[in-house]
Structures are given as structure tokens and as C-alpha cells.
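Engineer: Need coordinates for the below:
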Amino acid sequence: MPGTTDKYQHAGWQKRSVMHRCDVFDTMRAQALNAHAKVKAKNKEAVFEEPFNAGQVSMARHYAGLYEGLQSGDLRGASYGERVSGGGGGVDAVVLRLAARQEFEALERKVGRGVAMPMRKVRPSKRGEGRVCKMISDLDAVRAVCLLGLSMSEVLRKYDWTVSSRNSAALRAALREALDRMQGYGVASARK
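Structural biologist: Numbering: from 1, shown residues only. Reported below is the predicted structural model:
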């Protein structure tokens, strides 16, 4: 999967048998847990908040799986469980590829044309330390994180934004909303 690291963690019941290759969402969760541990040491009543909920992470991984399958020509891992066969009962590979392409494009349409990091809402001193920042669209954010495996900080740097907790939080919120829209939540209020 694009953007994965070579770190593996146990993902099975009682840490048995199943291995899961860590991706950017695992890394962000680990970073959030580390930050929470520091806060918890000072404030015992602090509550951990997941950077992304399970549905958002699942959608991001499905979207990345579709992309990877389309790029490699292998669609077995992309929820198209029927096998392609040369006999009369199989599904044509072209039909599977077309269905995957249509689903991928539909997910990108659900993201919308909104802007995750609009420059007009952030003072110049807070966005790029004198540099010319580029606007980050919702689709740019989704592609950068889900397909390229970039963290919030890396996305901000890529578009010449200052890496700050405020900018990272705004980008994370926009990404959460985009992933929710991809799942079908809040589609009516999708940014145009």
C-alpha cells in the first residue's frame, strides 16, 4: 500500500498470528498516544481522543486499496470478491476494473471541491512565515495522506505552510470531514 512503513504490529486476537503493516494512520495514532501520555502525566483526568475514528480509517484504507489495485491491475483485494476466470462463470477483468474505477471516482466526487486550508482565513504570519503558501484542497489532503502516506506536518510542508499545532488541527479536521463525506455522512453539506 502506498505510504506504508516497514514496521509491523500484531493485529490478531491476543496478539496472535495476524500481522498488520503500519500505515500513516497507525503512525498518527501512535503519535497521539505519546502526546496524550505526556498530558496525562500532568493531568490525570485527560481523555484520549482518536485522531481519526475507525470508519474514517477504514474508508481511507479502502480508498488506498482501490487506488493500488487500479495502478497494479490487481483487484482481488478491493472488495470485488468474485474471481476472474477464463470459463463461462467468471467475471471479466475489464468489468471488475471498470467497477473499481467508477467506485474510486465516486469517492473522489464525494470529497467535493472544498478547500481544507483556505489562506484567507489564516493570517499571513500564521500560515507560511513570509513564504507564498498554496491552498490545500480537500482532495489534495485526502490524496496526500491516504495515497502518499504523508503526515499532517508533511502535507503542510509540501504546500509551504508553517507546521504548527493549529494548522495541523485544521488540516486534520478537514480530512476527517472529507473521509466522512466519502462514507456518505454529511454529503448534503459537502463543501462546493
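
Engineer: So which residue is dead centre in the protein?
Structural biologist: Cys146 (3.6 Å; Cα atoms, centre = their mean).

Engineer: For that residue, give me its contacts.
Structural biologist: Gly3, Ala60, Arg61, Tyr63, Ala64, Tyr67 (Cβ atoms under 8 Å, 6 or more residues apart in numbering). C-beta coordinates here come from the backbone N, C-alpha and C atoms, glycine included.

Engineer: average pLDDT across stretch 136-144?
Structural biologist: Mean pLDDT, computed over stretch 136-144, is 95.

Engineer: hang on, the earlier thing: make TSV from the contacts of Cys146 and add secondary structure and distance to Phe25 to it.
Structural biologist: As requested, the contacts of Cys146 are exported to TSV (DSSP: H, G, I helix; E, B strand; the rest coil; distance: Cβ to Cβ, whole Å):
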residue	secondary structure	distance to Phe25
Gly3	coil	9
Ala60	helix	6
Arg61	helix	7
Tyr63	helix	12
Ala64	helix	10
Tyr67	helix	15
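
Engineer: Next, give me the two most distant ones among these.
Structural biologist: Gly3 and Tyr63 (11.8 Å; Cβ to Cβ).

Engineer: Which neighbours do the two have in common?
Structural biologist: With Cβ under 8 Å, 6+ apart, Gly3 and Tyr63 have common neighbours Cys146, Leu147.

Engineer: Now do the same for stretch 73-85: mean pLDDT, whole number.
Structural biologist: Here the average pLDDT along stretch 73-85 is 52.

Engineer: circling back: phi and psi next, for the residue nearest to the centre of the chain.
Structural biologist: phi -80, psi -40 (degrees, to the nearest 10).

Engineer: Find the nearest non-adjacent residue to it, please.
Structural biologist: Leaving aside its sequence neighbours, Cys146 sits nearest to Ala60 (Cβ to Cβ, 6 or more residues apart in numbering; 4.5 Å).

Engineer: so Phe48 makes contact with Ala37?
Structural biologist: No - the pair Phe48 / Ala37 is not scored as a contact, 9.0 Å apart, by Cβ atoms under 8 Å.

Engineer: Could you verify that Asn34 is part of a helix?
Structural biologist: Yes - under DSSP: H, G, I helix; E, B strand; the rest coil, Asn34 falls within a helix.

Engineer: That one: how many residues sit nearby?
Structural biologist: 9 (other Cβ atoms under 10 Å).

Engineer: Can you tell me how far it is from Gly73?
Structural biologist: According to Cβ to Cβ, to the nearest Å, Asn34 stands 39 Å off from Gly73.

Engineer: how close does Val163 sit to Met135?
Structural biologist: Distance from Val163 to Met135, by Cβ to Cβ: 17 Å.

Engineer: what does Val145 give?
Structural biologist: Taking Cβ to Cβ, one finds Val145 at 16 Å from Met135.

Engineer: cool, and Trp161?
Structural biologist: 10 Å.

Engineer: Overlap in contacts, those two.
Structural biologist: With Cβ under 8 Å, 6+ apart as the test, Trp161 and Met135 both reach Met117.
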